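K.L.:
Got a predicted structure plus its sequence, pasted below:
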Amino acid sequence: MFAPFPGPDARRNERGLAAEPGRAIDGPALPSMLGGVRIRRLRAERFGAIVATDEPPALVSVDRALARKLGAEGGALWEAPSPGLDVSVLEGPTEVHLAVTERCPAGCSGCYADARPDGHAPTLDELKARLDALADLGAFSVAFGGGEGALREDLPALVAHARARGLTPTLTTSGLGVDAARARALAGLAQVNVSWDGPAEVYEAVRGYRGAPQAERAVRHLQAAGVPVGLNTVLTRENVGQLEAIGEGAEALGAVELQLLRFKPSGRGSLDYLARRLTPAQVEALPGALRRLSARHPFALRVDCAMVPFLAADPEVGLEALQAFGVMGCEAGRSLMTVDAHGRTAPCSFWRDAPGASFGAGSWAEDPSLERFREHAAAAPEPCASCPVRRVCRGGCRIVAGLAGDPWRPDPECPRVRAHATADS
């Protein structure tokens with residue numbers, strides 16, 4: 001079976017939490033320990049509460065009885081019988097992806113955000129206001145992205161503001177602009193994931209420019225500053241055959257985790273998506289390759305939510321195994337929300353179907369695109385409806401499904417969906 005593939009709520013990096021929706025319980029108001037583990041914050045949910053632990057850093061779901069002992073009070077949330085963990089939506093997002101800029105000089109050929117040197121960049125005050133609103137929503141952590149967020153001179157101020165509001169900040173970066181001084185200024189980040197699609201030649205084949213040396217220097221600068229560093233690798237037809245070299249490189253760089261992401265038809269990534277996506281044969285071989293990779297290396301191996309359909313179709317993987325390792329499919333609208341550089345909400349950073357509404361206090365509960373994702377996950381069409389791992393997979397990737405014009409159809413690259421279509425033809 002796979003070595004730990006933590007899902008969105010079980011990462012090895014630090015996570016912040018809040019309490020009742022819009023209200024935090026932390027500091028002296030909280031009991032200091034949970035089974036010998038120090039806790040920091042919690043938030044009431046219909047099933048009980050979500051608890052943030054400090055050491056080790058994690059999010060833990062607890063039932064109502066334990067939640068009461070830890071200081072939570074569910075009020076109206078606890079009047080009905082507990083639904084258990086199978087809730088279609090949490091009382092607030094656990095994590096929010098916040099784009100701090102649309103600017104980036106790299107020009108990666110597959111950039112999902114279509115970032116450009118002259119892209120929009122919100123002001124510091126605008127971003128602080130968005131962080132305040134996220135804290136008021138009861139969000140636990142905020143992942144800064146872009147564009148290239150590390151090039152914002154005021155990024156350290158955003159990190160400090162997030163911390164002051166009880167949010168745990170992380171960053172995804174290509175490494176551009178991260179020198180030793182910049183790394184020290186960003187030491188308040190709980191973790192940085194550096195985009196690294198393989199050694200030099202492999203990286204260039206995927207991204208279209210020689211960015212591996214800069215990414216690797218950034219990793220070393222951040223590690224020297226005491227910041228935990230992971231690597232993000234987008235899998236395409238060009239680099240999926242180099243997974244062992246990628247694993248060896250990640251270990252040599254001292255990464256705490258290697259996160260593998262599915263290439264998606266978003267932004268510039270939509271221009272030649274069909275020529276760069278994994279072939280059916282590569283998808284079929286992927287679970288075995290990941291098992292070998294996780295067995296050989298010490299870092300945590302993670303897959304993004306869009307990759308779950310590829311794992312779920314493997315005969316050696318089942319619902320219980322995926323749940324045991326914290327592997328989760330699409331969490332958009334259930335525990336995840338994004339806010340773009342213009343301050344618009346979306347279920348997912350890759351979602352381009354329609355402009356979102358301006359982010360505000362009611363966004364989590366009222367945004368129609370978030371609700372549409374929830375509805376799909378609750379009532380996905382066949383063959384997803386009868387799939388034994390649907391509770392984890394949640395219907396596959398809506399971004400890939402939308403390539404043919406209908407984001408609510410089954411994920412066309414899922415092996416189970418392809419087999420179903422073949423049987424019906």
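P.N.:
Thanks, I have it.

K.L.:
Do a quick rundown of the helices in the stretch 301-425 of the chain.
P.N.:
Using DSSP state H, counting those that start in this stretch, the helices of the stretch 301-425 of the chain run over residues 308-312, 319-324, 363-366, 368-378, 390-393, 398-401, 415-424.

K.L.:
Those: which one's closest to residue 184?
P.N.:
Closest approach to residue 184 among the helices of the stretch 301-425 of the chain is made by helix 363-366 (34.6 Å; CB to CB). For every residue, glycine as well, the C-beta is placed using N, CA and C.

K.L.:
Buried residues of that closest one, list them for me.
P.N.:
Neighbour counts using 16 or more other CB atoms under 10 Å place 363, 364 of helix 363-366 among the buried residues.

K.L.:
what mean pLDDT would you report for stretch 112-131?
P.N.:
When pLDDT is averaged over stretch 112-131, the result is 96.

K.L.:
start to end distance for that stretch?
P.N.:
23 Å (CA to CA, to the nearest Å).

K.L.:
what's the answer for stretch 324-336, then?
P.N.:
21 Å.

K.L.:
same question, stretch 43-61
P.N.:
10 Å.

K.L.:
now that stretch, how far from the chain's geometric center?
P.N.:
18 Å (CA atoms, centre = their mean, to the nearest Å).

K.L.:
How much space separates residue 339 from residue 315?
P.N.:
40 Å (CB to CB, to the nearest Å).

K.L.:
of those two, who's got more company?
P.N.:
Between residue 339 and residue 315, counted using other CB atoms under 10 Å, residue 339 has the larger neighbour count: 26 against 6.

K.L.:
Residues in a beta bridge with residue 260, which ones?
P.N.:
As for beta bridges, residue 260 partners with residue 233, residue 303 under DSSP bridges.

K.L.:
so it touches residue 231, yeah?
P.N.:
No. Under the criterion of CB atoms under 8 Å, residue 260 is not in contact with residue 231, lying 9.5 Å apart.

K.L.:
What's the mean pLDDT across stretch 50-65?
P.N.:
Rounded mean pLDDT across stretch 50-65 is 87.

K.L.:
Correct me if wrong: residue 127 contacts residue 100.
P.N.:
Yes. In this structure residue 127 lies within contact range of residue 100 using CB under 8 Å: 5.9 Å.

K.L.:
between these two, what contacts are shared?
P.N.:
Residues touching both residue 127 and residue 100 (CB atoms under 8 Å, 6 or more residues apart in numbering): residue 158.

K.L.:
In stretch 54-65, which residues are buried?
P.N.:
For stretch 54-65, by 16+ other CB under 10 Å, it's 57, 58, 59, 60, 61, 62, 64.

K.L.:
That stretch: end-to-end distance?
P.N.:
21 Å.

K.L.:
so how far is that stretch off the chain centroid?
P.N.:
19 Å.

K.L.:
quick check, nearest of the buried residues of stretch 54-65 to residue 91?
P.N.:
residue 61 (12.2 Å).

K.L.:
Specify the beta-bridge partners of that closest one.
P.N.:
residue 50.

K.L.:
Might one say that it is in contact with residue 46?
P.N.:
No. Counting by CB under 8 Å, residue 61 sits too far from residue 46 to count as a contact (11.1 Å).

K.L.:
Setting aside sequence neighbours, what's the nearest residue to residue 148?
P.N.:
Residue nearest to residue 148 in three dimensions, not counting chain neighbours: residue 104, with 4.0 Å by CB to CB, 6 or more residues apart in numbering.

K.L.:
Contact partners for the one you found?
P.N.:
Here residue 104 is in contact with 111, 113, 115, 116, 117, 119, 146, 147, 148, 151, 174, 176 (CB under 8 Å, 6+ apart).

K.L.:
give me that answer again for 6 Å
P.N.:
Residues in contact with residue 104 (CB atoms under 6 Å, 6 or more residues apart in numbering) are 115, 147, 148.

K.L.:
Take these and write them to JSON lines, including secondary structure, neighbour count and distance to residue 277.
P.N.:
Listed next are the contacts of residue 104 as JSON lines, based on DSSP: H, G, I helix; E, B strand; the rest coil; neighbours: other CB atoms under 10 Å; distance: CB to CB, whole Å:
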{"residue": "115", "secondary structure": "coil", "neighbour count": "24", "distance to residue 277": "21"}
{"residue": "147", "secondary structure": "coil", "neighbour count": "27", "distance to residue 277": "24"}
{"residue": "148", "secondary structure": "coil", "neighbour count": "26", "distance to residue 277": "25"}
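
K.L.:
quick check, nearest of the residues you listed to residue 424?
P.N.:
residue 115 (40.4 Å).

K.L.:
Give me the nearest residue to that closest one, chain neighbours excluded.
P.N.:
Closest to residue 115 by CB to CB, 6+ apart is residue 104, at 3.8 Å.

K.L.:
roughly how far apart are the one you found and residue 237?
P.N.:
24 Å.

K.L.:
one step back: so can I have JSON lines of the helices of the stretch 301-425 of the chain showing mean pLDDT?
P.N.:
Formatted as JSON lines, those follow (pLDDT from 0 to 100):
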{"stretch": "helix 308-312", "mean pLDDT": "90"}
{"stretch": "helix 319-324", "mean pLDDT": "81"}
{"stretch": "helix 363-366", "mean pLDDT": "91"}
{"stretch": "helix 368-378", "mean pLDDT": "93"}
{"stretch": "helix 390-393", "mean pLDDT": "90"}
{"stretch": "helix 398-401", "mean pLDDT": "96"}
{"stretch": "helix 415-424", "mean pLDDT": "90"}
